[in-house]
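> just coords:
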Ligand code: NAI
């Protein structure tokens, strides 16, 4: 089976090569992201392997089907960048990696939360410049705070357990969760907005959750609330968040994902002029911490991603049931 990997980085190549030892697939790697201008690179392949910012919309799906590509291997959980209806219509099988390391993302969520509320991003720079002043570095305890977790899936559940260890009161909103177990307790969205000192987003990006955090939602939250997003950028309406930071309604923001991250994240733009004014405005706030979609990036997660992805390819090649298939 011939597999073309788009948006590949050095760490993808080494993990895929390790996982491929037991399969022997013919794998070709491209740094380019998939979009209408690069889709031709898939010609001659049986399968393509994509990541979060590859563009696999209806136009690209039709091109892929015309090129006789039969399998789309998403090496991630979220598939909001794939038009699944178009894929179904063209008989294209799409598989994802539903869980690779919920610990990686949950732990990163806590890392950026603690960085923000204990001002580690500021003290790191100060100490390196020989400035040991503590002025402006007063933080607050997590212990005793109410954290609202939206989405009680694999990552949300692990996060709730970690937060329980910190002595937080954990409220969960997930309309599809069958049960919520201690230390977390289920609540409705209004209660979560009203009572949470910290809100953390762990639901998928869907038409229902798009801009879940908008001006109206922010209005219902506590003054000085902390907002964390390691899920998908589109859950947050960036312009409303900027206004809420300016008015101090929002006490801080820590994000690993950004609505317009494609074309920005995963590449070195340190010598470029960044043209996204909204992103640049966010970067001016002292109480904003941004990481570039790295919550998943642990050795354990990369190994599981590569193994699960190539196992799906092997199941497809053998005509077996593909455990993680979403269409086809
Ligand atoms: P999951 O599918 O296990 O859990 C998602 C949960 O969200 C489910 O329990 C579902 O019922 C719930 N949900 C769906 N619609 C909802 C709504 N309207 N309101 C509240 N809850 C809702 O997914 P998992 O593994 O926990 O991942 C969550 C998200 O994290 C993914 O969708 C993905 O976008 C993001 N992610 C980000 C990564 C990163 O590196 N920053 C890495 C992996 C995932």
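Arrived safely, thanks for sending. All figures in this text were calculated on a predicted structure; none of them were measured in a lab.

> and residue 267, how far from residue 280?
Residue 267 sits 16 Å away from residue 280, going by CB to CB, to the nearest Å. Using the backbone N, CA and C atoms, a C-beta is placed for each residue, glycine as well.

> show me where the stretch 1-150 of the chain has its strands.
2-5, 26-29, 47-50, 71-74, 93-95, 146-150 (DSSP state E, counting those that start in this stretch).

> who in the protein is up against the ligand?
Residues of the chain lying close to the ligand (CB under 6 Å from any ligand atom) are 77-78, 99, 102, 105, 150-156, 173-177, 202-205, 208-209, 230-232, 256-257, 293, 295-296.

> just the buried ones from those?
77, 102, 105, 150-156, 173-174, 177, 202-203, 205, 209, 230-232, 256-257, 293, 295-296 (16 or more other CB atoms under 10 Å).

> nearest spatial neighbour of the residue in the stretch 101-250 of the chain positioned nearest to the ligand, skipping sequence neighbours?
Of all residues in the stretch 101-250 of the chain, residue 153 sits closest to the ligand, at 1.6 Å by CB to the nearest ligand atom. Spatial nearest neighbour of residue 153, chain neighbours left out: residue 202 (6.6 Å); criterion: CB to CB, 6 or more residues apart in numbering.

> hang on, isn't the one you found packed against residue 156?
Yes: between residue 202 and residue 156 a contact is recorded at 3.9 Å, counting by CB atoms under 8 Å.

> check the closest residue to residue 325 other than its chain neighbours and give its pLDDT.
Leaving aside its chain neighbours, residue 325 sits nearest to residue 95 (4.8 Å; criterion: CB to CB, 6+ apart). Residue 95 is assigned 97 on the pLDDT scale.

> residues contacting residue 95?
By CB atoms under 8 Å, 6 or more residues apart in numbering, the residues touching residue 95 are 71-74, 309, 312, 316, 322, 324-326.

> which segments of the protein make up each domain?
2-100+298-318, 102-290 (automatic domain parsing).

> tell me the pLDDT of the nearest residue in space to residue 286 that is not next to it in sequence.
Spatially, and ignoring its direct neighbours in sequence, residue 286 is nearest to residue 122 (7.0 Å; CB to CB, 6+ apart). The score at residue 122 is 98. That number is its pLDDT.

> try residue 183
You'll see residue 183 listed with a pLDDT of 97.

> quick check: it touching residue 161?
Yes: between residue 183 and residue 161 there is a contact at 7.2 Å, judged by CB under 8 Å.

> any idea of the mean pLDDT for the biggest helix by length in the chain?
Among the segments of the chain that qualify as a helix by DSSP state H, the longest is helix 299-318. Here helix 299-318 scores 96 as its mean pLDDT.

> likewise for stretch 15-22?
97.

> same thing with stretch 232-246?
Rounded mean pLDDT across stretch 232-246 is 98.

> ok, stretch 32-41 next?
97.

> can you list contacts of it?
By CB under 8 Å, 6+ apart, stretch 32-41 touches 4, 6-7, 30, 42, 48, 50, 53-56, 59-60, 63-64, 67, 262.

> likewise for stretch 189-204?
Contacts for stretch 189-204 (CB under 8 Å, 6+ apart): 78, 80, 109, 113, 145-153, 155-156, 159, 168, 171-174, 187, 209, 212-213, 217, 220-222, 224-232, 235-236.

> swap the cut-off to 6 Å and go again
78, 109, 145-151, 155-156, 171, 173, 209, 220-221, 226-229, 231, 235 (CB atoms under 6 Å, 6 or more residues apart in numbering).

> the stretch 1-150 of the chain: helices as residue ranges?
Along the stretch 1-150 of the chain, counting by DSSP state H, counting those that start in this stretch, helices occupy 10-19, 58-66, 84-89, 102-117, 120-128.

> list the buried ones in the second one?
For helix 58-66, the neighbour count (16+ other CB under 10 Å) marks 60-65 as buried.

> in TSV: the residues you listed, plus pLDDT.
TSV is the format used below for the buried residues of helix 58-66 (pLDDT from 0 to 100):
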residue	pLDDT
60	98
61	98
62	98
63	98
64	98
65	98
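
> between those, which is nearest residue 22?
Nearest to residue 22 among the buried residues of helix 58-66, counting by CB to CB, is residue 64 at 26.8 Å.

> got the contact list for the closest one?
Applying CB under 6 Å, 6+ apart, the residues near residue 64 are residue 42.
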